[in-house]
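[1] Sequence and predicted model, in that order:
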Amino acid sequence: MSDFNKKRIYNTRNYIETHYNQIISVDSLETISCYSYRNLQRIFYSLFNETIGAYQTRLKVENGYKKLLYSNKQISDIALEIGFADVQSFSKTFKKHFNCSPSLARNQKELLLNEGHPIQTITCVLKPEIIFIPEKAVYYSSCKTSYINPEIEILWDAILKNDFPDSNTEYYGVVADDIVITEKSKCTYDACIATSSLIKNLPTKSIFGGNYARFFHQGSYETLEETYQQIYGGWFLDNDFECSHSPVIEHYLKNEANCDNEADYLTAIFIPLL
């Protein structure tokens, strides 16, 4: 598939991601992708191993799960926010995906977060800065990954083959899925570039746009998970903040492009807040 055609498919997927809780018409998908719906379904499945309908439904229930874990909203309100007609239809679909009811999932929040982000490794108390960040346009490329470094490194190696003459180029990673909710085989990571340079072979989208708790991780990416353990297994459970279902974003402030020693790498981690 050419870069141009791949960009159209990525634009279509991004449209579904940002409108997952709405009725998405066939006409709108055909307009964005410039494919007939039948061909779009075939290409979409070949790239992402999911039909469009299954992908939208998964986004609904997984974003609903995030809202159950990270906010205090009523389950009936969550059902409507993520695009279900009522709480009964949400509960039925949720139970089909996760083998438990939404109320049970919420009641097991602390157990689930401690299991996914065990607190026994916590060695310090994190104190984030709460800031508002406006939307930022980026070029991006995606990969399926369980958030292990080799797959992400391969993605960055490919995207960095582009020329970025802009000295103010910024590098971000969008952690689209939550490993305690999404199957590892379906987790997505976006390598994002914010630059004034024109990159013809990559699609674009917007990231950020809201309030975030900003944490800092110093050192190798190999130890990033330890910081996430401190955030979710410690800071979140010990505070009254409600988190959004939006993706977590990493900003690579000091990286291999501007720093020779991995121990000096600096990564800002942005946790989206309500």
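    In hand now; what should we look at?
[2] So for the residue positioned nearest the centre of the chain, what's the nearest residue that isn't a sequence neighbour?
    A centroid search over the chain (CA atoms, centre = their mean) returns A176, at 1.2 Å, as the residue closest to the centre. Of all residues not flanking A176 in the chain, T188 sits nearest, at 4.2 Å (CB to CB, 6 or more residues apart in numbering). No exception for glycine: its C-beta is placed from N, CA and C like everyone else's.
[3] Tell me where this structure is predicted with low confidence.
    For the chain, the stretches with pLDDT under 70 are 1, 114-125.
[4] where along it do the helices fall?
    Applying DSSP state H to the chain gives helices spanning 3-18, 26-33, 37-48, 52-70, 75-81, 87-98, 102-107, 109-116, 149-159, 224-230.
[5] is it possible to export the ones you listed to CSV including mean neighbour count and distance to E135?
    Formatted as CSV, the helices of the chain follow (neighbours: other CB atoms under 10 Å; distance: least, CB to CB, whole Å):
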stretch, mean neighbour count, distance to E135
helix 3-18, 17, 11
helix 26-33, 15, 19
helix 37-48, 15, 25
helix 52-70, 20, 19
helix 75-81, 17, 20
helix 87-98, 16, 29
helix 102-107, 16, 30
helix 109-116, 15, 29
helix 149-159, 15, 21
helix 224-230, 18, 24
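[6] now do the same end-to-end measure for stretch 244-259.
    32 Å (CA to CA, to the nearest Å).
[7] ugh, typo on my part, it should be stretch 40-58
    Taking CA to CA, stretch 40-58 runs 19 Å from one end to the other.
[8] Return the distance of it from the chain's centre.
    Centre-to-centre, stretch 40-58 and its host chain are 18 Å apart (CA atoms, centre = their mean, to the nearest Å).
[9] now do stretch 231-247
    From the chain centre to the centre of stretch 231-247 is a distance of 15 Å (CA atoms, centre = their mean).
[10] And stretch 77-85, by the same measure?
    20 Å.
[11] which residues touch it?
    By CB atoms under 8 Å, 6 or more residues apart in numbering, the residues outside stretch 77-85 that reach it are 20-22, 60-61, 63-64, 67-68, 71, 73, 86-87, 89-91, 93, 102.
[12] 10 Å instead?
    If you take CB atoms under 10 Å, 6 or more residues apart in numbering as the criterion, stretch 77-85 is touched by 19-24, 56-57, 59-68, 71, 73-74, 76, 86-94, 102, 106, 245.
[13] Against T267, how distant is the residue nearest to A176?
    To T267, T188 is 19 Å away according to CB to CB, to the nearest Å.
[14] Then K96?
    Distance, K96 to T267, using CB to CB: 37 Å.
[15] same check, this time on T93
    Per CB to CB, T93 is found 36 Å from T267.
[16] Check H217 too.
    From H217 to T267 the distance is 5 Å (CB to CB).
[17] what touches both of those two?
    Residues touching both H217 and T267 by CB under 10 Å, 6+ apart: L224, T227, E250, L253.
[18] what number of residues lie near the nearest residue to the last one once chain neighbours are set aside?
    If the residues on either side of it in the chain are set aside, L253 comes closest to L266, at 4.5 Å by CB to CB, 6+ apart. Neighbouring residues of L266 were enumerated by other CB atoms under 10 Å; the total is 15.
[19] shouldn't L266 be in contact with F215?
    No - the pair L266 / F215 is not scored as a contact, 11.4 Å apart, by CB atoms under 10 Å.
[20] Does L253 touch C259 like I think?
    Yes - between L253 and C259 there is a contact under CB under 10 Å: 9.1 Å.
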